[in-house]
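Asks: can't give you the sequence, but here's the structure:
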Ligand code: 173
């Protein structure tokens with residue numbers, strides 16, 4: 001009687017172990033669901049769920065309504081979530097050198113070959129208890145958008161909405177930086193709390209900012225970086241098959257950056273059609289701006305991260 005009972009328990013346990021071989025990861029994005037900087041991550045999730053049937057599954061909790069953008073890095077670190085779509089600019093409190101990732105616009109295929117990926121992965125292992133699964137949007141630049149016309153590249157007297165991405169350059173050019181999450185940009189512009197904002201060339205229509213934007217300053221600068229991070233304990237708990245599904249999908253996700261060339265062109269045309277005027281001060285002023293933007297950003301990264309800053313600069317080659 002007793003041995004039959006034990007045998008039964010063993011069978012039940014074996015069955016539940018087999019079922020538990022499909023692991024479920026909880027995911028969040030630091031950008032609103034369905035918007036430009038979440039969309040490809042959402043495609044990645046669909047792909048993982050299709051390719052990983054019976055092996056691994058991602059449960060998408062959603063965007064900033066689930067976890068505020070500036071807290072997403074900490075949520076991955078502490079395993080409140082297993083996987084996140086987040087820019088380094090949102091976790092510089094935990095990793096100051098994350099502000100330097102925008103200064104490397106090399107394709108990820110190259111960064112994976114020349115040791116950059118590996119070095120940045122180590123930084124994430126150590127400081128964010130996470131695995132650096134993918135980096136997106138290396139070929140998408142940023143701009144400063146304005147509602148007041150300027151006649152040279154000088155932000156004196158202007159209040160400009162920033163994140164760490166734009167803070168140093170805005171200050172260097174005399175502007176007053178105001179830090180907000182993307183979700184507060186519309187209201188800041190509508191109320192005149194900000195005279196302008198930093199944002200990539202793409203995505204301003206997603207939250208209706210075209211209605212509160214007059215000018216886009218040229219030239220484009222830096223490189224967007226939005227990373228897919230996996231909590232390191234969650235990553236270590238996966239088996240080889242599960243990691244392979246994630247890694248294959250990550251490389252596919254990075255490859256989607258090639259679509260952005262056409263997207264950027266269309267976006268600039270759409271902005272023009274919406275009445276957003278480009279402010280272009282010519283090649284000499286543009287070059288001076290780019291040099292200054294690059295210098296002040298590296299100085300700031302190196303000051304706050306004296307060891308890893310110079311290494312990141314050497315890897316970026318600028
Ligand atoms: O402007 C921002 O909120 C920001 O830093 C960012 C970074 C990457 C993609 C989009 C926005």
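Replies: That came through, no problem. Computed from a predicted model, the values in this text were never measured in an experiment.
Asks: from here on, contacts and neighbour counts on C-alpha atoms
Replies: Fine.
Asks: how about the secondary structure of the closest residue to the ligand within the stretch 101-250 of the chain?
Replies: Of all residues in the stretch 101-250 of the chain, residue 199 sits closest to the ligand, at 4.5 Å by Cα to the nearest ligand atom. Following DSSP: H, G, I helix; E, B strand; the rest coil, residue 199 is assigned to strand.
Asks: show me what contacts it?
Replies: 142-145 (Cα atoms under 8 Å, 6 or more residues apart in numbering).
Asks: highest neighbour count among the residues you listed?
Replies: Counting neighbours by other Cα atoms under 10 Å, residue 145 leads the contacts of residue 199 with 26 neighbours.
Asks: secondary structure class for that residue?
Replies: strand.
Asks: interface residues of the stretch 1-150 of the chain facing the ligand?
Replies: 87, 89 (Cα under 6 Å from any ligand atom).
Asks: where do the strands of the stretch 1-150 of the chain begin and end?
Replies: Using DSSP state E, counting those that start in this stretch, the strands of the stretch 1-150 of the chain run over residues 23-29, 56-62, 83-86, 130-136, 142-146.
Asks: pull the residues that contact stretch 146-164.
Replies: 89-90, 92, 99, 170, 173-181, 185, 193-198, 212-217, 281, 285, 289.
Asks: also stretch 280-295?
Replies: 103, 152-153, 168-169, 217-219, 221-222.
Asks: switch the cut-off to 7 Å
Replies: 152, 169, 217-219, 221 (Cα atoms under 7 Å, 6 or more residues apart in numbering).
Asks: narrow these to those in helices?
Replies: With DSSP state H as the criterion, helices contain residue 169 from among the contacts of stretch 280-295.
Asks: so who does residue 218 touch?
Replies: Residue 218 sits in contact with 143, 278-280, where contact means Cα under 7 Å, 6+ apart.
Asks: where does this structure dip in pLDDT?
Replies: Counting by pLDDT under 70, the ranges of the chain that qualify are 1-20.
Asks: can you pull out the helices in it?
Replies: Under DSSP H, the chain gives helices at 2-19, 36-51, 72-77, 108-113, 116-128, 164-172, 185-190, 232-236, 240-255, 260-273, 282-304, 308-316.
Asks: quick one, what contacts the nearest residue to residue 79 once chain neighbours are set aside?
Replies: Leaving aside its chain neighbours, residue 79 sits nearest to residue 231 (5.9 Å; criterion: Cα to Cα, 6 or more residues apart in numbering). Contacts for residue 231 (Cα under 7 Å, 6+ apart) come out as 76-77, 79, 82-83, 129-131.
Asks: do that again at 6 Å, thanks
Replies: 76, 79, 82, 130 (Cα atoms under 6 Å, 6 or more residues apart in numbering).
Asks: what about the third one, neighbour count?
Replies: Taking other Cα under 10 Å as the neighbour definition, residue 82 ends up with a count of 24.
Asks: you'd agree it is up against residue 26?
Replies: Yes. Under the criterion of Cα atoms under 6 Å, residue 82 makes contact with residue 26 at 5.2 Å.
Asks: may I have the beta-bridge partners of the spatially most central residue of the chain?
Replies: Geometric centre of the chain, nearest residue: residue 226, 2.0 Å, by Cα atoms, centre = their mean. Beta-bridge partners recorded for residue 226 (DSSP bridges): residue 136.
Asks: with residue 143 instead?
Replies: Applying DSSP bridges, one finds that residue 143 bridges with residue 199.
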